[in-house]
Every structure is written in C-alpha cells, then in structure tokens.
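>>> for reference, the sequence and a predicted model appear below.
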Amino acid sequence: MLRAPPRALPPRRSGKVRPLNRSVLVSGGNRGIGLAVARAFAEAGDKVAVTCRSGEPPEGLFAVRCDVTDAGQVERACKEVVREHGPVQVVVANAGITRDRLLARMSEDDFSAVLDTNLTGAFRLVRQAAGGMMRAGGGRIVLVSSAMGLYGSAGQANYAASKAGLVGLARSLARELGSRDITCNVVAPGFVDTDMTQALSEAQRARVLGQVPLGRCAEAAEVAAAVRFLASEEAAYITGAVIPVDGGLGMGH
C-alpha cells in the first residue's frame, strides 16, 4: 500500500532574535530576581541594561534611573538603552512593589500604587520596547508575575490582582504581536530567597514553606533560568504561556 510522503514542516521562524549579543532590558534589575535575570543574560553574552528606581546600580551592567510609574521616565530610559546597546530585542518586566494589608485596612492608594507599578509599569515598558521589535521583525517579552497572582494570598489583594493582570496582558500581546514573530510569556515565581523573604521571621518562613511540596524556597538563579529559556531560540514556538517556578505551590492554578 502506497503512503503519501510526510509533509515537510514549515521552516521555523526566528525573526531577528539571536542567542547572543542581543540588547536586553530588565526593569527592577538592581537586586533580587531582576539582578539574577540580568546577570544570566550578561553571562550568556548579551548586552544588558537594567532600570532601577533607587539603590546602587549593579556593577558591570548598564543602569538607568527609572520609576516605571512615570511614563516620561520609561520613555527616556528606553531611548537611553537604545543609544547605548541598540534596539531592545528582549524585554523583561520585573519591577514590582508590595503594600500588604488586609482588605479592611487597605487604602485606595495602597491598591492603586501596587497596580501602577506592577501592572501598568509593565505595560509602559513593553509599549516602548515593542515598536523597535516590530520594526526589527521579532523579539521576546517576558513578564515576571507571581504564584500569588494565580493562587491568591490573604492580605495581598493588590499584589495578587496586579500579578494576575500580567497574565491577561501577556496573552493579549501574544495574540497581537505573534504575527510579527514577537513572543510574550510569563514566569510565575513562588517563594524566592531574596532580601524581602529573608526579612520574614522563622515562623513565617516555616508556615510558607510548609505549603511547598519541594519544601524549600527557590534561588533567584532558578527563576532567571526560566526567563532566559523563554527568551531563547529554543522557546521560539512558546507564546502566551505561564511558567511556574514555585516548587509545586500553585499546582497548575
């Protein structure tokens, strides 16, 4: 019996993104997860710029002062990065804050400030970078969300709402920009060993880790590895995805 020959797969489109020497921009890249992400790209040979609102700029990385709640500052920062490294090919929206309070004690300012930084700030950054990506014919967008955006957390209605919003933003952009060979994905870390979590008491840490099947917190480098993968050529056919790095805390939420 004759069989039709297998149909050839269309060639994989890779746009203008290359594994090394790309222009990468990471917001909130001077500490914690953002710094680990920036270092991971730099170690792979990319040209990395970070934004920082306060604190010392990280050694060995091109840093620009930028408050992502200010659209003018975001625009100026992105132009500065383009002058230094060329059009942004990979953008990682990581800048974020917390103002944890129970609903009854949460003010409108507590709620709006967190959304303006974590969600609208990501929108401002991506909007600036996307134009150059479209002109170049490709790019990678990664939004750093949180397991709490999927799982929920008492006392963090503002934070969880902002991080859940990043999922909707990413999936809308994935549909909008996919034809331009621009992917947009989300990494959702769980309990990560950073300055913020180290400030918790032993009892608080034990309570949180008791919910994590792997029984430990993540290293920032483990989150960075997931981000770098989503920005790689190996992930060229992944878009609109949410990758949990949470030790099993969310279990698919």
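Great, that's in hand.
>>> where does the chain have low pLDDT?
Scanning the chain with the threshold set as pLDDT under 70 gives 1-20, 196, 199-200, 252-253.
>>> select the longest helix from it.
helix 157-177 (DSSP state H).
>>> how about that helix as PDB, C-alpha atoms only?
As requested, C-alpha coordinates have been extracted for helix 157-177 and formatted as PDB (Å, rounded to 0.1, in the frame of the first residue of the first chain):
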ATOM      1  CA  ALA A 157      -5.300  41.600  47.200                       C
ATOM      2  CA  ASN A 158      -3.500  44.400  45.400                       C
ATOM      3  CA  TYR A 159      -0.400  42.400  44.700                       C
ATOM      4  CA  ALA A 160      -2.300  39.300  43.500                       C
ATOM      5  CA  ALA A 161      -4.500  41.400  41.300                       C
ATOM      6  CA  SER A 162      -1.500  43.100  39.700                       C
ATOM      7  CA  LYS A 163       0.300  39.800  39.100                       C
ATOM      8  CA  ALA A 164      -2.800  38.100  37.700                       C
ATOM      9  CA  GLY A 165      -3.300  41.100  35.400                       C
ATOM     10  CA  LEU A 166       0.200  40.400  33.900                       C
ATOM     11  CA  VAL A 167      -1.200  37.000  32.600                       C
ATOM     12  CA  GLY A 168      -4.000  38.700  30.700                       C
ATOM     13  CA  LEU A 169      -1.600  41.300  29.400                       C
ATOM     14  CA  ALA A 170       0.800  38.700  28.200                       C
ATOM     15  CA  ARG A 171      -1.800  36.600  26.500                       C
ATOM     16  CA  SER A 172      -3.300  39.600  24.700                       C
ATOM     17  CA  LEU A 173       0.100  40.700  23.500                       C
ATOM     18  CA  ALA A 174       0.900  37.200  22.400                       C
ATOM     19  CA  ARG A 175      -2.100  37.200  20.100                       C
ATOM     20  CA  GLU A 176      -1.500  40.800  18.900                       C
ATOM     21  CA  LEU A 177       2.200  40.500  18.200                       C
END
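>>> hmm, who's touching it?
Here helix 157-177 makes contact (C-beta atoms under 8 Å, 6 or more residues apart in numbering) with 93, 96, 98-100, 103, 106, 110-111, 113-115, 117-119, 122-123, 126, 130, 133-134, 141, 143-146, 148-150, 152-153, 182-186, 188, 239-240, 242. Placement of C-beta: from N, CA and C, glycine included.
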